[in-house]
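S.K.: For reference, the sequence and a predicted model appear below.
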Amino acid sequence: MYRVITIEREYGCGAAEIARKLASQLGWKLWDRDLTAEIARVANVDPSAVSVCEERVDSTFQRLVKVFWRGSYERRASLDQPPFGPDRMVEVGEQVMHEIAQRGKCVIVGRGAPYFLREHPDVFHVFLYAPRAAKLRRIQEQGAKLHDAEDLVDTVDRERIHFVKHYFGADWPTRSLYHMMLNTAMGDENVISAILHSMQVTEREHVS
């Protein structure tokens, strides 16, 4: 029986809202923003330090960020603890993901969850995507200008591609990881229904 759902997604496809509705319908815990806070708690850093590093590979900018954040938390950190950056985020993230998966009954959004949990037989993996026009429309509905929406669509997923290649040695999306890949242009409720139906069918096939 599936006890965890991971949601990987293209930026702007509406995955956060779909994951929220899905978790609510199942009565499960949603790990999205709370996951950032949990990683920060375990790593003993400010959540903002984790947000900066999520799904991004280290760079000149990231090194500057690490220097900046080190000054704010080094009094609480041990002397031999390295500054918080993407490498540390991945290390702590993997630990947190496995702990969350052990508890079960949760929906996890992004943060490399399909890769960390790929060997767990009770985890159902979903990838959500959408046409570019639909993604731009969603982002603009949240208050962004068109040129800002275009920049986000063009850059965020590119960073995710580099992140997955660097830390997992895989292409993004890694199609073989997912039980299903869905176009969110079909509507949130239809996406949720398709996920739940597919989970039920797959569970029955495993039992038979």
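M.R.: Perfect, thanks for sending it.
S.K.: just so I have it, where are all the helices in the chain?
M.R.: For the chain, helices defined by DSSP state H occupy the ranges 15-26, 33-43, 47-53, 60-73, 86-103, 113-116, 132-141, 146-168, 188-207.
S.K.: among these, which is nearest Thr6?
M.R.: With Cβ to Cβ, the closest approach to Thr6 among these belongs to helix 113-116: 4.1 Å. Glycine gets a C-beta too; all of them are placed from N, C-alpha and C.
S.K.: thinking again about what came up before, pick the most deeply packed of the helices of the chain.
M.R.: helix 113-116 (a mean of 24; mean count of other Cβ atoms under 10 Å).
S.K.: In CSV, could you pull the C-alpha coordinates for it?
M.R.: The C-alpha coordinates for helix 113-116 follow below in CSV (Å, rounded to 0.1, in the frame of the first residue of the first chain):
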residue,chain,number,x,y,z
ALA,A,113,12.2,13.5,-3.0
PRO,A,114,11.7,11.1,-6.0
TYR,A,115,15.5,10.5,-6.1
PHE,A,116,16.0,10.1,-2.3
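S.K.: pLDDT-wise, which helix or strand of this structure ranks last?
M.R.: Of all regular secondary-structure elements in the chain, judged by mean pLDDT, DSSP states H and E, the least confident is helix 60-73 with a mean of 43.
S.K.: where in the protein is pLDDT low?
M.R.: 55-83, 207-208 (pLDDT under 70).
S.K.: For Lys21, see how far away Pro173 is.
M.R.: With distances taken as Cβ to Cβ, to the nearest Å, Pro173 is found 22 Å from Lys21.
S.K.: Please name whichever of the helices of the chain is nearest to Val4.
M.R.: Here helix 86-103 is closest among the helices of the chain (Cβ to Cβ), at 5.2 Å.
S.K.: Show me what the closest one is packed against.
M.R.: helix 33-43, helix 47-53, strand 106-109, helix 113-116, helix 146-168 (3 or more Cβ pairs under 8 Å, 6 or more residues apart in numbering; DSSP states H and E).
S.K.: Contacts for the third one, please.
M.R.: Think strand 106-109. The contact list for strand 106-109, computed with Cβ atoms under 8 Å, 6 or more residues apart in numbering, reads 3-7, 9, 15-16, 19, 22-23, 26, 28-32, 35, 97, 100, 117.
S.K.: on that earlier part again, quick one, which of the helices and strands packed on helix 86-103 is nearest to Ile195?
M.R.: Nearest to Ile195, of all the helices and strands packed on helix 86-103, is strand 106-109, at 9.7 Å by Cβ to Cβ.
S.K.: so what strands line up beside that closest one?
M.R.: If you go by DSSP bridges, strand 106-109 pairs up with strand 4-9 (parallel), strand 29-31 (parallel).
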